[in-house]
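>>> prediction below, plus the sequence it came from.
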Amino acid sequence: MAKIIYTHTDEAPLLATYSFLPIIAAYAAKAGVDVETRDISLAGRVISQFPERLTEEQRVPDHLAELGELATQPEANIIKLPNVSASIPQLKAVIKELQSQGYDLPDYPENPQSDEDKETRAKYDKTKGSAVNPVLREGNSDRRAPLSVKNYAKAHPHRMGAWSPDSKTNVATMGEHDFFSNEKSVVIPADDTLRIEHVGVDGTVTVLKPETKVLAGEVVDGTFMDVAALRRFLTEQIARAKADGVLFSAHLKATMMKVSDPIIFGHVVQAFFPTLFEQYGEQLGAAGISPNDGLGALLDAVAALPEGDAIKAAVTQGLADGPELAMVDSDKGITNLHVPSDVIIDASMPAMIRQSGHMWGPDGEEADTLAVIPDSSYAGVYQTVLDDCRTHGAFDPATMGSVPNVGLMAKAAEEYGSHDKTFEVPAAGQVRVVASNGDVLIEHDVQPGDIWRACQTKDASIRDWVKLAVTRARASSTPAIFWLDADRAHDANLIAKINDYLPEHDTDGLTIEILPPAEATAYSLERIRKGEDTISVTGNVLRDYNTDLFPILELGTSAKMLSIVPLMNGGGLFETGAGGSAPKHVQQLVKENYLRWDSLGEFFALAASLEHLAGYADNKGAQVLADTLDKATGTFLENDKSPTRRIGGIDNRGSHFYLGLYWAQEIAAQTEDADLAAVFKPFAESLAASEDTIVGELNGVQGSPADIGGYYRPDETKADHVMRPSATLNAALAAL
């Protein structure tokens, strides 16, 4: 039987799966399609690392490793929902929750000394940050708003805040002594194994990474952030925000850039509270309290210290002395600096732009903001959008064009593949990348605390990326712009390869250009305002940024995107959109049994997955399911059956019912497969006849707290009970 793998992930997408997956499995089975699940949730990934400490019932296989192997096979067909890219505080939280549920897991070792603690730390570190995506993404990304979604957004435009030409909102970035300016890049001439080493000023050589295998034609980069320059920059921007009377905010990616960005975040915390760390830095360090974990973790931990009250008073004084901080939750006093994973740049910057260039201040009011993005590689993209809005006003979702994306991400390409090659420099000297013959390929003079990193981008990934860009430009008759800066070392090598590989494809009649990111942004914005589309062809980080930035402006969310990853060996990975709002949705469900999560991304991914399966498995029924699901999704949008904004209307569970109803009706009405039509005709009629009853059962549970038995690891029975409250719908699916 042909097979689709549907992933169990985290938070709201996981809860939605309890409701939607029974519908998928029942319908797919009628077309000879088997739907299996694999657990790649943060909790599941943690559990999989410690089988020797757990009972047979508690153990979870390493499903991520299994899917990573599957992704290299031509039969791969994986639907991947958003997952938690864990920061250290989140990782500690999941460990604590699992321990409370009876899992015999060790605590996270802050400062491992013994071999056992070092091994434990290494296991946990495998699960933090973006542990999932680099493993599964054995192909490049094709991400765009489906036409039905775009048309719906134009007919029902979301609210955009008005912009003032006097807005003081801006981006602050280093521009020198950062990752961008210090980057060096080489193209590897032949297969090799590289060594990364630190050479002290006294000549002592410390191997940081003994082996990094590379292939001929691969692009290898090395760079570092000068931490002394970073601290000077941060101090200047804190003073600037106070002088300008704007909110101070830091925008990083402490989840995806799981080694470098938490360190940078820690420097922001220290720079904002200089007196605190001058007075109590030694005591905090001795207690294992790291600024990298954020102000919230620090305040929680100091309660146990003798100086706890004094430290809290120093924090209060620091907040009073500095500029006003942008807030995550002003009612609860949660600032931009409380948790490193609370303010993630690809979600936070578009939200600010959409909201008149404002973030929320401590007084609960919107205000102009200084957005601090230390590394200058992509900061200019956001400054360009801010300047455009200041000049031309807010975008109009009813008329604006679209910016689909073709993203270079196969085989952990570029910065997101740097985790195992990122180091906080231990001492003054040099960091070098050395070939097996002893040649030094890259070297940097560094000081203690500097953040050095290397990454690699395989030639096959680049070739496939160029091919995909041309394919998408041809298919949609849309200009394609490579967002690359010839003044950046890595980009210069990519530009040379693009110029070599583009002639291999038919580009006659196509507009394909290469522009630096800020210029590419301006070009795309000019076209957007005229209602025209432009494909952004980008590297891995800009792929992440752009596939939130433009959808949030166009559609109000990035969760409604179609995200297809044609795997390089022939399989397919189908992603379901972004999960930035997932935590708030879970909180609302627990509080009042209402899940606002919109599964539209899951609907699109499932249709694409079924279509892909129909092709390689020669399964006519799967194609019928794909075609009818696409039509049903159109009806779903026309009838506005996404979760309502407020309790009382249908939520995620009700939206699944209506998608299932429309899908069944379309299958019953189609003429391509008479057997399928005959099966679904009475089923569709029974759902339609029971509509009022089913919606009543689904909505009737709203308003009271819901017990799901855990945030990171919900109890299966409790979660199923909460997410499937309609006995009528459950019986109908069971009968099918």
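Arrived safely. Source: prediction; values computed, not measured.
>>> how is the spatially most distant residue from the centre of the chain assigned, secondary-structure-wise?
With distances taken as Cα atoms, centre = their mean, the residue sitting farthest from the centre of the chain turns out to be D202, at 42.5 Å. Counting by DSSP: H, G, I helix; E, B strand; the rest coil, the backbone at D202 sits in coil.
>>> tell me the pLDDT at it?
Among the per-residue scores, D202 holds a pLDDT of 94.
>>> after the helix or strand hosting L14, next one along is what?
L14 is part of helix 11-29, with elements assigned from DSSP states H and E. Heading C-terminal from helix 11-29, the first helix or strand you meet, by DSSP H and E, is strand 33-39.
>>> what helices or strands is the following helix or strand past that following strand leaning on?
Counting by DSSP H and E, the next helix or strand C-terminal to strand 33-39 is helix 42-48. Helices and strands touching helix 42-48, by 3 or more Cβ pairs under 8 Å, 6 or more residues apart in numbering; DSSP states H and E, are helix 63-70, helix 88-100. For glycine as for every other residue, the C-beta is placed from the backbone atoms N, C-alpha and C.
>>> reformat those as TSV; add distance to K411.
Formatted as TSV, the helices and strands packed on helix 42-48 follow (distance: least, Cβ to Cβ, whole Å):
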stretch	distance to K411
helix 63-70	11
helix 88-100	25
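>>> next one: the helix or strand of the chain with the lowest mean pLDDT to chain centre, how far?
Scoring the helices and strands of the chain by mean pLDDT, DSSP states H and E places helix 133-136 at the bottom, with a mean of 85. Helix 133-136 has its C-alpha centroid displaced from the chain centroid by 12 Å (Cα atoms, centre = their mean, to the nearest Å).
>>> may I see the buried residues of the helix or strand following it?
Downstream of helix 133-136, the first helix or strand assigned by DSSP H and E is strand 141-144. Buried positions in strand 141-144, judged by neighbour count with 16 or more other Cβ atoms under 10 Å: S141, D142, R143, R144.
>>> just to check, the first one is in contact with N546?
No: in this structure S141 lies outside contact range of N546 using Cβ atoms under 8 Å: 10.4 Å.
>>> got any residues that touch both of these two?
N405, G407 (Cβ atoms under 8 Å, 6 or more residues apart in numbering).
>>> in this structure, where is pLDDT below threshold?
Scanning the chain for pLDDT under 70 picks out the ranges 1, 577-582.
>>> that one - how does it break down into domains?
2-138+567-735, 226-374 (automatic domain parsing).
>>> those: which one's closest to T169?
For T169, the closest of these is domain 226-374, at 3.6 Å, according to Cβ to Cβ.
>>> what is the helix holding L14 packed up against?
Counting contacts by 3+ Cβ pairs under 8 Å, 6+ apart, helix 11-29 is packed against strand 2-8, strand 33-39, helix 582-592, helix 600-617, helix 620-638, helix 652-669, helix 716-723, helix 727-735.
>>> counting by contacts, list what the third one packs against.
Same thing as helix 582-592. By 3+ Cβ pairs under 8 Å, 6+ apart, helix 582-592 packs against helix 11-29.
>>> show me which residues of the helix it packs on are buried.
For helix 11-29, by 16+ other Cβ under 10 Å, it's 11-28.
>>> same question for stretch 286-304.
Within stretch 286-304, the residues scored as buried using 16+ other Cβ under 10 Å are 287, 289-299, 301-302.
>>> need those residues in TSV (columns: distance to G556).
Conversion of the buried residues of stretch 286-304 to TSV gives the following (distance: Cβ to Cβ, whole Å):
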residue	distance to G556
A287	44
I289	39
S290	36
P291	35
N292	33
D293	32
G294	29
L295	30
G296	29
A297	32
L298	35
L299	34
A301	38
V302	40
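>>> gap between N111 and D221?
Distance of N111 to D221, given as Cβ to Cβ, to the nearest Å: 31 Å.
>>> hmm, I typed the wrong one, I wanted T193.
17 Å.
>>> for A26, same thing?
For A26, the distance to D221 - Cβ to Cβ - is 49 Å.
>>> between the two ends of stretch 116-135, how far is it?
Distance between the two ends of stretch 116-135: 26 Å, counting by Cα to Cα, to the nearest Å.
>>> which residues are in contact with the closest residue to T717 other than its chain neighbours?
In space, and not counting its chain neighbours, T717 is closest to G709: 7.9 Å by Cβ to Cβ, 6 or more residues apart in numbering. Residues counted as contacts of G709 (Cβ under 8 Å, 6+ apart) are D715, T717, K718, A719.
>>> which SSE is immediately downstream of the helix or strand N151 falls within?
Secondary structure from DSSP H and E places N151 in helix 147-155. Next in sequence after helix 147-155, counting helices and strands by DSSP H and E, comes strand 170-172.
>>> surely H358 meets A367?
Yes: counting by Cβ under 8 Å, A367 is a contact partner of H358 at 5.9 Å.
>>> between the helices and strands packed on helix 11-29, which one is closest to G572.
helix 600-617 (4.2 Å).
>>> check the offset of the closest one from the chain's centre.
21 Å.
>>> can you give me the angle it makes with strand 2-8?
Counting by axes from the mean of the first three to the mean of the last three Cα atoms, to 10 degrees, helix 600-617 points 150 degrees away from the direction of strand 2-8.
>>> ok, back up a step: out of N111 and D221, which sits in the busier spot?
Taking neighbours as other Cβ atoms under 10 Å, N111 and D221 compare with D221 leading, 25 against 9.
>>> hang on, that one is in a helix, isn't it?
No: applying three-state DSSP, one finds D221 to be strand, outside a helix.
>>> so who does it touch?
E183, K184, S185, V186, E414, I442, A454, C455, Q456, T457, A489, H490 are the contacts of D221 under Cβ under 8 Å, 6+ apart.
>>> let's go with 10 Å and repeat that
D221 sits next to 179, 183-186, 414-415, 418, 421, 433, 442, 453-457, 488-491, 493 when contact means Cβ atoms under 10 Å, 6 or more residues apart in numbering.
>>> surely E532 touches M400?
Yes: between E532 and M400 a contact is recorded at 9.3 Å, counting by Cβ atoms under 10 Å.
>>> of those two, which one has the most company?
Taking neighbours as other Cβ under 10 Å, E532 and M400 compare with M400 leading, 24 against 14.
>>> three-state assignment of the more buried one?
When the rule is three-state DSSP, M400 gets the label coil.
>>> what about the closest residue to it other than its chain neighbours, how many neighbours?
Computed as Cβ to Cβ, 6+ apart, the closest residue to M400 that is not its neighbour in sequence is I528, at 4.9 Å. Neighbour count for I528, taken as other Cβ under 10 Å: 22.
>>> looking at it, I528 is touching P404, isn't it?
No: judged on Cβ under 10 Å, I528 makes no contact with P404 at a distance of 12.0 Å.
>>> ok so, going back, TSV please, covering the domains of the chain and showing distance to R472.
Shown next, in TSV, are the domains of the chain (distance: least, Cβ to Cβ, whole Å):
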stretch	distance to R472
domain 2-138+567-735	14
domain 226-374	21
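>>> between those domains, which gets nearest to A522?
domain 226-374 (14.7 Å).
>>> ends of that closest one, how far apart?
11 Å.
>>> and if you look at stretch 103-121?
17 Å.
>>> what is the nearest of the buried residues of strand 141-144 to K467?
Closest to K467, out of all of these and judged by Cβ to Cβ, is D142, at 11.3 Å.
>>> any chance you could map the strands in the stretch 301-450 of the chain?
327-329, 334-335, 358-360, 366-372, 405-407, 422-424, 429-434, 440-446 (DSSP state E, counting those that start in this stretch).
>>> list of residues touching the first one?
By Cβ under 10 Å, 6+ apart, the residues outside strand 327-329 that reach it are 247, 249, 296, 333-339, 342-343, 348, 359-364, 367, 584.
>>> out of those residues, which are buried?
In those, the ones that pass as buried (16+ other Cβ under 10 Å) are 247, 249, 296, 334-339, 342-343, 348, 359-361, 367.
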